[in-house]
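[1] pasting the sequence and the predicted coordinates here, then a few questions.
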Amino acid sequence: MSSDSAVPTPTSDQRRTPVPRDHAFFGHPLGLFTLFNTELWERFSYYGMRAILLYYLTTSVQDGGLGVEASTGAALVAIYGSAVYLLSVVGGWLADRLLGARRSTLYGGIVIAAGHVLLTIPSASFSFAGIACVALGTGLLKPNVSTMVGELYDREDPRRTSAFSIFYMGINIGSLSAPFVVGAARAWGGFHAGFAVAAIGMGIALAFFVGGRRLLGGAGDEVGNPLTRADRPAVIRTGILVLLAVVLAVVVARQVSSDSGVGALIDALSYLALAAPIAYFIVMFRSPHVTERERSRLAAYVPLFITAMVFFMIFEQAASTMAAYAENRTDLSVFGASIAPELFQSVNPAGIVLLSPVFAWLWIKTGNRPPTAVKFAIGLTLAAASFLFLSGASALAGDGKTSSWVLALTYLIQTLGELCLSPIGLAATTLLAPEAFRSQAMALWFLAPAAGNAITAQLITVTEGVSETAYFGWIGAIALIPAVAMFALSPWVTRHIREGAETAREAEIQE
């Protein structure tokens with residue numbers, strides 16, 4: 001239980017040089033401006049590439065694509081998303097043990113930029129190498145730039161949740177504009193021109209990050225749990241176990257999959273993405289560096305993680321099954337004008353940009369209520385409802401196409417769910433993470449979409465030939481089960497978060 005008289009050990013937040021101009025950016029540290037713009041342009045590059053990736057994979061070679069079969073292409077996009085988040089484990093570990101969050105973010109950005117440049121070269125081998133580089137670089141950058149946002153604030157600072165809502169708005173400004181700009185470049189000069197625009201976006205992100213370093217006040221410079229000579233045997237053992245796990249996943253996938261190539265790759269990455277968070281939780285719970293208070297917070301985090309995983313299983317289908325629905329089952333005529341199918345992927349970030357300030361204001365005015373667990377349950381309920389709605393619209397359309405507003409509304413419903421879950425999850429992770437696993441815990445948060453994408457990849461594979469009505473309907477109905485469970489568990493989760501607080505004031509704001 002927390003106590004008013006408890007005196008916490010100073011954290012890295014308290015030891016480092018104070019962040020300059022503490023309220024200069026809309027009442028937040030000016031360092032948030034640097035990270036806001038870095039993530040904005042990095043997400044511009046990532047979502048710009050992702051918006052056209054399925055179409056690039058499945059378009060015929062004669063028309064400038066790679067000629068991959070439609071269902072395989074959708075599964076590849078899903079498992080690519082899984083790999084991006086799975087590699088965040090590597091980025092989190094490197095930040096915590098070797099590099100620190102700032103250098104990991106910098107190196108990740110450089111690798112991402114190189115990947116986008118490779119994608120501009122019209123060659124299948126260069127394209128797949130570029131996709132791999134973007135995945136690896138994002139794994140280095142994504143968890144650590146979010147960690148630095150959390151480091152701008154003391155644990156008792158009530159602005160933290162609001163800061164992540166603002167930060168999340170930056171993410172979505174980038175992802176809102178990306179499909180329009182990259183789509184226009186694709187229409188003008190083909191897929192590789194679109195990838196060139198994504199490369200330019202990543203270059204701008206790096207410029208903001210390097211140029212704004214002095215505004216961060218030392219955020220991300222420290223290595224939270226640096227490696228020592230005594231740690232080396234354990235690290236070697238862990239490395240061997242990870243390598244064995246990868247080999248085992250590949251062997252099992254080759255035995256299970258009838259396709260020893262792409263199908264086996266999808267299965268192997270799926271197994272790893274589902275196993276990784278389980279292994280991570282076990283390591284954290286058993287670590288001698290984790291205190292009893294931290295274990296209480298970590299226990300509360302488990303049901304939050306599971307809820308997020310199911311949410312992202314639905315939400316991350318924007319670039320796979322929903323992108324295919326936009327191309328094949330949606331009327332692309334709006335007020336007499338024809339629109340590109342990738343533009344539907346801008347509906348979600350447009351909603352985020354418009355509604356993030358409203359939600360940030362709402363959480364402040366309500367004292368961050370309802371509790372975090374209830375927000376998660378609401379978010380998943382809305383995601384499930386979006387698929388049930390799309391299923392019903394598809395059933396009414398029969399063999400025809402649904403109106404463009406149907407898919408747009410589906411994205412909007414998911415957006416409302418996202419605002420109840422994603423920025424809240426980022427803020428909760430920085431608060432609930434054990435000190436020794438700060439960046440790695442952020443990587444654990446990104447394993448939720450990794451696992452969700454892995455489930456999607458498997459669903460796409462096993463439901464090939466199933467109608468859109470049945471596919472979206474059954475997923476939406478089943479997703480309601482963990483949503484209801486989260487509502488029921490919310491008092492238990494809130495109690496454990498409070499019990500794990502370091503001070504009475506922290507307990508008041510950590511719900």
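    Nice, I can see it.

[2] contacts, neighbours, all on C-alpha from now
    Noted.

[3] contacts only, for the nearest residue to residue 320 once chain neighbours are set aside.
    Nearest-residue entry for residue 320: residue 74, 4.8 Å, with adjacent residues in sequence omitted and distances by CA to CA, 6 or more residues apart in numbering. Applying CA atoms under 8 Å, 6 or more residues apart in numbering, we find residue 74 in contact with 54, 320, 321, 324, 457, 460.

[4] do the same with residue 357
    165, 166, 169.

[5] picking that back up, who wins for most neighbours among the contacts of residue 74?
    Neighbour counts for these, by other CA atoms under 10 Å, peak at residue 457, which reaches 31 neighbours.

[6] thought that residue was touching residue 79?
    Yes - Residue 457 lies in contact with residue 79 (CA atoms under 8 Å); the separation is 5.9 Å.

[7] next, show the common contact partners of these two.
    266, 270.

[8] wait, doesn't residue 209 sit right on residue 38?
    Yes - at 5.6 Å, residue 209 counts as touching residue 38 under the criterion of CA under 8 Å.

[9] give me the more crowded residue out of those two.
    More neighbours surround residue 38 than the other of residue 209 and residue 38, with 29 against 24 (other CA under 10 Å).

[10] how close does the more buried one get to residue 213?
    11 Å (CA to CA, to the nearest Å).

[11] and what of residue 276?
    Distance from residue 276 to residue 213, by CA to CA: 32 Å.

[12] for the spatially most central residue of the chain, give its distance to residue 309.
    Against the mean C-alpha coordinate of the chain, by CA atoms, centre = their mean, the closest residue is residue 446 at 5.1 Å. The gap separating residue 446 from residue 309 is 9 Å, by CA to CA.

[13] please apply the same query to residue 52.
    Counting by CA to CA, the gap from residue 52 to residue 309 is 25 Å.

[14] from the contacts of residue 357, which land in helices?
    Among these, the members found in helices (DSSP state H) are 165, 166, 169.

[15] I'd like the residues you listed as TSV, with pLDDT, distance to residue 62 and neighbour count appended.
    Formatted as TSV, those follow (pLDDT from 0 to 100; distance: CA to CA, whole Å; neighbours: other CA atoms under 10 Å):
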residue	pLDDT	distance to residue 62	neighbour count
165	75	44	28
166	81	44	23
169	79	39	26
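
[16] which one of the residues you listed sits closest to residue 263?
    Nearest to residue 263 among these is residue 169, at 36.3 Å by CA to CA.

[17] wait, isn't the closest one in contact with residue 352?
    Yes - under the criterion of CA under 8 Å, residue 169 makes contact with residue 352 at 6.2 Å.

[18] which parts of stretch 220-232 are buried?
    Within stretch 220-232, the residues that count as buried by 16 or more other CA atoms under 10 Å are 220, 221, 222, 223, 224, 225.

[19] run the chain-centre distance for it.
    26 Å (CA atoms, centre = their mean, to the nearest Å).

[20] what comes into contact with that stretch?
    With contact meaning CA under 8 Å, 6+ apart, stretch 220-232 is reached by 12, 95-103, 144, 147-148, 151, 435-438.

[21] now do 7 Å
    Stretch 220-232 is contacted by residues 95, 96, 97, 98, 99, 100, 101, 102, 148, 436 when judged by CA atoms under 7 Å, 6 or more residues apart in numbering.

[22] tell me the contacts of the third one?
    Each residue near residue 97 by CA under 7 Å, 6+ apart is listed here: 223, 224, 225, 226, 227.

[23] got it, and the fifth one?
    The contact partners of residue 99, by CA under 7 Å, 6+ apart, come to residue 223.

[24] and it, how far from residue 107?
    10 Å.

[25] now do the last one
    With distances taken as CA to CA, residue 436 is found 22 Å from residue 107.

[26] so between the two, which is more surrounded?
    The neighbour comparison of residue 436 against residue 107 (other CA under 10 Å) goes to residue 436, with 20 against 17.

[27] SS state for the closest residue in space to that one that isn't next to it in sequence?
    The shortest distance from residue 436 to any non-neighbouring residue, by CA to CA, 6+ apart, is to residue 225 (5.6 Å). Three-state assignment for residue 225 (DSSP: H, G, I helix; E, B strand; the rest coil): coil.

[28] so what does residue 225 have for phi and psi?
    phi -140, psi 70 (degrees, to the nearest 10).

[29] which strand or helix spans the nearest residue to residue 149 once chain neighbours are set aside?
    Nearest non-adjacent residue to residue 149, counting by CA to CA, 6+ apart: residue 32, 6.5 Å away. Per DSSP states H and E: residue 32 is located in helix 31-58.

[30] and for residue 172?
    helix 160-189.

[31] next, the buried residues of the helix or strand that that helix is followed by.
    Sequence order places helix 191-211 as the next helix or strand after helix 160-189, per DSSP H and E. Buried residues in helix 191-211, defined by neighbour count with 16+ other CA under 10 Å: 191-206, 208-209.

[32] what of stretch 460-468?
    460, 461, 468.

[33] pLDDT of that stretch, averaged?
    The average pLDDT within stretch 460-468 is 88.

[34] rewinding a little: okay if I get the buried residues of stretch 220-232 as JSON lines plus pLDDT and distance to residue 392?
    JSON lines is the format used below for those (pLDDT from 0 to 100; distance: CA to CA, whole Å):
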{"residue": "220", "pLDDT": "81", "distance to residue 392": "47"}
{"residue": "221", "pLDDT": "84", "distance to residue 392": "51"}
{"residue": "222", "pLDDT": "83", "distance to residue 392": "52"}
{"residue": "223", "pLDDT": "82", "distance to residue 392": "51"}
{"residue": "224", "pLDDT": "73", "distance to residue 392": "49"}
{"residue": "225", "pLDDT": "76", "distance to residue 392": "51"}
